[in-house]
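Visitor: no sequence on hand, only this structure:
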């Protein structure tokens, strides 16, 4: 058996634990030096393979690779770039093969979400169709938690913890001031299609906080919503609203696309939170505050969920181990075997069943009124936010690693235009 | 010496460590039972004194009082309510005296910022003018860090740490995606008049992050700002912008008051971040993301600064000790004696020198171009964000305490209208 190199790339929006998966991949390869050679990481994801910008991870120390476990973002750079089908874009696939051949790459580890699972699946097909031997294994990642088959997706648990904790803290703040100040606090969270992140706000219910969740899965009904806010404020004197960026009207238009214009009449790209907050103010007159967590939520490694970090590492490790067992066109999965105490094991799914399938919140996880989460949802969520896994600090700041990211010398060296 | 009770109230915007000061006050009183009786806390701040809603802190267990050290927000409720001058509003002062007399209150501990220092000062004057013996001691608190004389104000160190860490994490995120995605990330932070919180973003400079700070102390110059952004993006491929909510045009108008209107022509109360982000997009075409941290920043006890928590506790403790020494009309202060290693001691200031004085960023803390912080500023900031002081967790969530907040029986029991 010849020792082939592995290609690893990060794809799409990064998370606070995608580097923990990279750590799992690289450390597992390092433990199997007799079977896999170097891990060449794509600079800026798959683009690095197309442009032959391959990072030589052997130049990184064991300590720096270990530090990836605690470092948010994509250490090698990520990209939003989706390969088209083999028929439509043979040029790119041929280029990838040319590069992989030149660098003796026999393993393709792609760390991403839905779109990336599709790309990874195409790469596995390539192996047969173009007669180039390649084992393609997808490493699951997405804060959106919308990958099918796997119980949850690394990246989600940490953002869920961040949103639950931050919303709890802000709600305590509002509760203590509502007598003379803010009565309604709105926090906007990620999730354009699936409301998993917003659902984490529903855990506040267990802390006595009046909370209304606006899911993308539930069409927005202004009158009903305002009535719900009014009821909460009249009962508790305040209310917290967690609005998903994907919250939309019955016609599909996002709340954020409210037709807001600046002083010059230019359309403003706004958030859903200010729209909801202004709506409440106008109809009910309550003083409000709003926050848009944006990247803070998916980058917040300082509050990473221990469970999530462990999942992320395990998925990277399992990807390598499955590849060594000869598997192709698969994705390792997290299989939950018990809620309490939480227990899980590593499984695997065929990529053809994963690619381009989105997992939405099941109906039984959303309360009948559409504004909260059920007990079943809480039991699903709690294990995923369980445990803390703090980075170490120096001078008050977390010690996040920035890798050297030295490229291996080019062997093909022809220019390739990434369109 | 008769044993008098103490009145304690939280005032104005709460912080993640104001309860640590409350903890310092109550624990110190409990250690001096022979000198001070019960701590009666105002429900919703000073309003609780006016309405005779006084919380009996003796009903709270030692464990719950200790837990205050780790709990953000105002445990007894706070309010935005400023007492007018004695001449203008004799009615309120007479009411306060009536209540204090009835409950045998001889100590007035007021935990707040500038406005509250003024109220506390007035209460101390009351002692003389109305012939009612009362020792008024102000316990400093404000995320804005704009109280004079004290080196820094409890609440600030933790929000500074939060902004520095969160901005660092988001910048790592942007850096790893800038090739094909976001190039400019804007985060809006608190600080309507003073740019202390925004300054914390300047620490990113020491982590190799290209960052531009927009201070309230520096008049906004659109062309110069856009040129600065362009220069950063051309050099680094991305840029982080930390904008203070108080950032304003030369005519004093806030950036946030951009005349933004919704689809119906209603004025929108927006944030400065989307205004800045849209400005960059329009002029330079860069893809952007923006976040508004709002209450998340001042409530983020999960990331509290250990130094800040210690300061907060010490100020509460010192307030009681100074009162026991017979002091009146003072505020305990934090006196820095060394930057590195950081050393400080407790001092005190006369309230007449504190009330209504705002401390802005000194000129020598802002770089010449107005967009960054100097080495002197960094040396000032680092000790204040130093150290972590995590709350304990249960089921993935921090264990924040909610007190019983049982009121003492009313003794005056007449109605009083709070206007």
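Guide: Sure, I can see it. This one's a predicted model, so the numbers in the text were calculated from it and none came from an experiment.

Visitor: residues touching residue A:58, list them.
Guide: Residue A:58 makes contact with A:38-39, according to CB atoms under 8 Å, 6 or more residues apart in numbering or on different chains. C-beta coordinates here come from the backbone N, C-alpha and C atoms, glycine included.

Visitor: same thing but 7 Å
Guide: With contacts defined as CB atoms under 7 Å, 6 or more residues apart in numbering or on different chains, the neighbours of residue A:58 are residue A:38.

Visitor: again with residue A:348
Guide: Residue A:348 makes contacts with A:322, A:327, A:330-333, as judged by CB under 7 Å, 6+ apart.

Visitor: now do residue A:237
Guide: By CB under 7 Å, 6+ apart, the contact list for residue A:237 reads A:178, A:183.

Visitor: ok, the worst-scoring helix or strand of chain A on mean pLDDT near chain B or not?
Guide: Within chain A, no helix or strand scores below helix A:114-129, which has a mean of 87 by mean pLDDT, DSSP states H and E. No. Looking at helix A:114-129 against chain B by CB under 7 Å from any CB of the partner chain, there are no contacts, and the closest approach is 12.7 Å.

Visitor: related to what we said a few turns ago, highest neighbour count among the contacts of residue A:348?
Guide: Each of the contacts of residue A:348 was scored for neighbours by other CB atoms under 10 Å in any protein chain shown, and residue A:331 scores highest at 31 neighbours.

Visitor: so where does that one fall, helix or strand?
Guide: Element membership of residue A:331, judged by DSSP states H and E, is strand A:330-338.

Visitor: would you mark the buried spots in the helix or strand just after that strand?
Guide: From strand A:330-338 onward toward the C-terminus, using DSSP H and E, the following helix or strand is strand A:343-350. By neighbour count on 16 or more other CB atoms under 10 Å in any protein chain shown, the buried set for strand A:343-350 is A:344, A:346-349.

Visitor: closest one of those residues to chain B?
Guide: For chain B, the nearest member of these is residue A:344. The distance, counting by CB to the nearest CB, is 15.3 Å.

Visitor: surely the closest one touches residue A:332?
Guide: No. Shown here, residue A:344 and residue A:332 do not form a contact pair, counting by CB atoms under 7 Å, at 11.7 Å.

Visitor: which other helices and strands contact the top helix by length along chain A?
Guide: Taking DSSP state H as the assignment, the helix of chain A that covers the most residues is helix A:156-177. Counting by 3 or more CB pairs under 7 Å, 6 or more residues apart in numbering or on different chains; DSSP states H and E, the packing neighbours recorded for helix A:156-177 are strand A:184-189, helix A:196-200, strand A:239-244, helix A:295-299, helix A:306-324, helix A:375-385, helix B:295-299, strand B:397-398.

Visitor: is it possible to get a markdown table of the ones you listed that adds mean pLDDT?
Guide: Formatted as a markdown table, the helices and strands packed on helix A:156-177 follow (pLDDT from 0 to 100):
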| stretch | mean pLDDT |
| --- | --- |
| strand A:184-189 | 97 |
| helix A:196-200 | 98 |
| strand A:239-244 | 98 |
| helix A:295-299 | 98 |
| helix A:306-324 | 98 |
| helix A:375-385 | 98 |
| helix B:295-299 | 98 |
| strand B:397-398 | 98 |
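
Visitor: walk me through the domains of chain A.
Guide: As recorded under automatic domain parsing, the domains making up chain A are A:4-142+A:301-356+A:387-398, A:156-299.

Visitor: now those domains in TSV, with distance to residue B:236?
Guide: Output for these, formatted as TSV (distance: least, CB to CB, whole Å):
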stretch	distance to residue B:236
domain A:4-142+A:301-356+A:387-398	13
domain A:156-299	17
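
Visitor: right, and these - which one's nearest residue B:122?
Guide: domain A:156-299 (18.7 Å; CB to CB).

Visitor: and the end-to-end length of the closest one?
Guide: 11 Å (CA to CA, to the nearest Å).

Visitor: likewise stretch A:147-157?
Guide: Using CA to CA, first and last residues of stretch A:147-157 are 14 Å apart.

Visitor: re earlier: just so I know, which of the domains of chain A lies nearest residue B:45?
Guide: Taking CB to CB, domain A:156-299 is the member of the domains of chain A nearest to residue B:45, at 8.1 Å.

Visitor: burial measure for residue A:364, as a count.
Guide: Burial of residue A:364, expressed as a neighbour count using other CB under 10 Å, amounts to 10.

Visitor: would you list the phi and psi of residue A:222?
Guide: Here the main-chain torsion angles of residue A:222 (degrees, to the nearest 10) amount to phi -60, psi -50.

Visitor: go through the domains of chain A and name the closest to residue B:130.
Guide: Between residue B:130 and these, the shortest gap by CB to CB is with domain A:156-299, which sits at 25.6 Å.

Visitor: quick one: the closest one to chain centroid distance?
Guide: Centroid displacement of domain A:156-299 relative to its chain, using CA atoms, centre = their mean, to the nearest Å, is 21 Å.

Visitor: ok, the residue lying closest to residue A:328 once chain neighbours are set aside - contacts?
Guide: By the measure of CB to CB, 6 or more residues apart in numbering or on different chains, the closest residue to residue A:328 outside its immediate chain neighbours is residue A:135, 4.6 Å from it. For residue A:135, the contacting residues are A:106-108, A:323, A:327-328, by CB under 7 Å, 6+ apart.
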